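In: Only the shape, not the letters, is given here:
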């Protein structure tokens, strides 16, 4: 049976915001399903808010904030293979710089601006478009919310 770990390789600071260091550098993938997110098995900081100025819909010029999902992604072991799945996050998941799921229709500073149709129509569409799955290979780089967080939440997948 393959043994794997995720190694935190993210930057300790980012131009987007003041990043609070993840408390651990290596995370064993010792279950069939390991979740990543603010409430996941691999926990991201609760206070990871990014502030920005809205650029669309009803919030042009309005100060906004966004953060990672409680359950952003998961790594699933299937026999000897590992898969990364975006669980419908708001900010997307990337493997080696390639986004899982479908491309989003709007730039992120527009995408998260509220309008009357945000919660009933646009947010569910954003989350659905981010859902995706990729097989992981030794050395793959995983980034959560790369478009927003840069390298703050970057991990390397390793078979050991």
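Out: Structure's in. What do you need? Source: prediction; values computed, not measured.

In: make it CA atoms for all contacts and neighbour counts henceforth
Out: Noted.

In: Can you tell me who residue 74 pairs with across the strands?
Out: Counting by DSSP bridges, residue 74 is bridged to residue 35, residue 85.

In: who's in contact with it?
Out: Residue 74 sits next to 33, 34, 35, 36, 84, 85, 86, 87 when contact means C-alpha atoms under 8 Å, 6 or more residues apart in numbering.

In: quick check, nearest of those residues to residue 131?
Out: Distance to residue 131 across the contacts of residue 74 (C-alpha to C-alpha) is lowest for residue 86, with 4.9 Å.

In: who's in contact with stretch 136-151?
Out: 10-11, 14, 16, 50, 68, 72, 81-84, 91-97, 108, 153-159.

In: What of stretch 100-107?
Out: Against stretch 100-107 from outside (C-alpha under 8 Å, 6+ apart): 85-86, 92-94, 111, 126, 129-134.

In: Start and end of that stretch, how far apart?
Out: One end of stretch 100-107 sits 16 Å from the other (C-alpha to C-alpha, to the nearest Å).

In: How about stretch 144-156?
Out: End-to-end distance (C-alpha to C-alpha), stretch 144-156: 12 Å.

In: Okay, buried residues for the helix ranked longest in the chain please.
Out: Scanning the chain for the longest helix, with DSSP state H as the assignment, gives helix 123-130. Residues of helix 123-130 classed as buried by neighbour count (16 or more other C-alpha atoms under 10 Å): 123, 125, 126, 127, 128, 129, 130.

In: Ok, stretch 149-160 next?
Out: For stretch 149-160, the buried set under the neighbour-count rule, 16+ other C-alpha under 10 Å, comprises 149, 150, 151, 152, 153, 154, 155, 156, 157, 158.

In: May I have the secondary structure class of the third one?
Out: Read it as residue 151. Residue 151 falls in the coil class when you classify it by DSSP: H, G, I helix; E, B strand; the rest coil.

In: Look up the closest residue to residue 75, ignoring the ones flanking it.
Out: Of all residues not flanking residue 75 in the chain, residue 84 sits nearest, at 4.6 Å (C-alpha to C-alpha, 6 or more residues apart in numbering).

In: Please give me every residue in contact with that neighbour.
Out: 73, 74, 75, 76, 133, 134, 135, 136.

In: Distance to residue 2 for those - can I get that in TSV?
Out: Output for the contacts of residue 84, formatted as TSV (distance: C-alpha to C-alpha, whole Å):
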residue	distance to residue 2
73	21
74	17
75	14
76	13
133	20
134	17
135	14
136	12
